[in-house]
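K.L.:
got a sequence here, can you build the structure:
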Amino acid sequence: MNRLRVVTAAFIAGAVPFSNIAARRKAGVDLRTVGTGTVSGTSLYRVTGFSTLALAGVCDVAKGAVGPLLAGSDRPGLAAVAGGAAVAGHNWSPFLRGAGGRGLSPAIGALGATAWPGPVVILSGMVLGKFAKQTGLGAFLGQVVLVPVLARTHGKRGALAALCVVVPMWLKRMAGNAAPDQPSVRVYAHRLLYDTDLAPVSTTA
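P.N.:
Okay, here's the model as predicted:
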């Protein structure tokens, strides 16, 4: 399969919103209307519970591996780009009019097919963040160390695979689900680090 077809297939596979499909079928809920509007496993869990999350989660991870597997081990550069395309499709799904998740699940799938320590690093950051009650920050720190860790274990091909999934994840964190009311470097930095908006400043008369 040629390069364009591989990347296109990866993007389309990544764009399939399994979490939203599961939420609609199980609870009749569109995740874009729940909480922050993020179409993610966390939102799905809150709406339907663990069993539905587990099934949708497996699908979201698997779709990230489609492009890298189509590219094959003999084309590591293409596999890395395909992994990034799957994450981008998940984050800005055309099936959800540009809405989506944060890309963690397809990134795990993509790196599972290209550089196996990647999923371990991502999950470790999420777990540590959960224990510290800073899930967004934990995920960010896991992504920060992803490139150097995979560069150490898999060389340039590992670093490229990591970079290709990290970039769309960070862009999505900064873009959020809506433009900020008052855009500034501080606002976007907070989104990048914590995956949340700054708390509004209270005023008193």
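K.L.:
next structured bit after the helix or strand hosting residue 171?
P.N.:
Assessed by DSSP states H and E, residue 171 sits inside helix 135-175. As assigned by DSSP H and E, the chain's next helix or strand after helix 135-175 is helix 185-194.
K.L.:
what sits up against that next one?
P.N.:
Contact with helix 185-194 is made by 134, 136, 137, 140, 170, 173, 174, 176, 180, 196, 197, 198, as judged by Cβ atoms under 8 Å, 6 or more residues apart in numbering. No exception for glycine: its C-beta is placed from N, CA and C like everyone else's.
K.L.:
list the buried ones in that helix?
P.N.:
187, 190, 191, 194 (16 or more other Cβ atoms under 10 Å).
K.L.:
again with stretch 124-143
P.N.:
Buried, per 16+ other Cβ under 10 Å, within stretch 124-143: 125-126, 128-129, 134-143.
K.L.:
center of the chain, which residue is that?
P.N.:
residue 103 (0.9 Å; Cα atoms, centre = their mean).
K.L.:
any idea how far it is from residue 38?
P.N.:
11 Å (Cβ to Cβ, to the nearest Å).
K.L.:
helix or strand with the lowest mean pLDDT in this protein?
P.N.:
helix 41-48 (a mean of 91; mean pLDDT, DSSP states H and E).
K.L.:
so which elements touch that helix?
P.N.:
helix 18-27, helix 50-71 (3 or more Cβ pairs under 8 Å, 6 or more residues apart in numbering; DSSP states H and E).
K.L.:
for the protein, give me the ranges with low pLDDT.
P.N.:
200-205 (pLDDT under 70).
K.L.:
just list the residues touching residue 43, thanks.
P.N.:
If you count contacts by Cβ under 8 Å, 6+ apart, residue 43 has them with 19, 23, 31, 34, 35, 36.
K.L.:
now distance to residue 88 too, for the buried residues of stretch 124-143, in TSV please.
P.N.:
TSV is the format used below for the buried residues of stretch 124-143 (distance: Cβ to Cβ, whole Å):
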residue	distance to residue 88
125	20
126	20
128	26
129	23
134	26
135	22
136	20
137	23
138	23
139	17
140	18
141	22
142	19
143	15
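K.L.:
which two from the residues you listed end up farthest apart in space?
P.N.:
134 and 143 (14.0 Å; Cβ to Cβ).
K.L.:
related to what we said a few turns ago, list the residues that contact both of residue 103 and residue 38?
P.N.:
The contact sets of residue 103 and residue 38 do not overlap (Cβ under 8 Å, 6+ apart).
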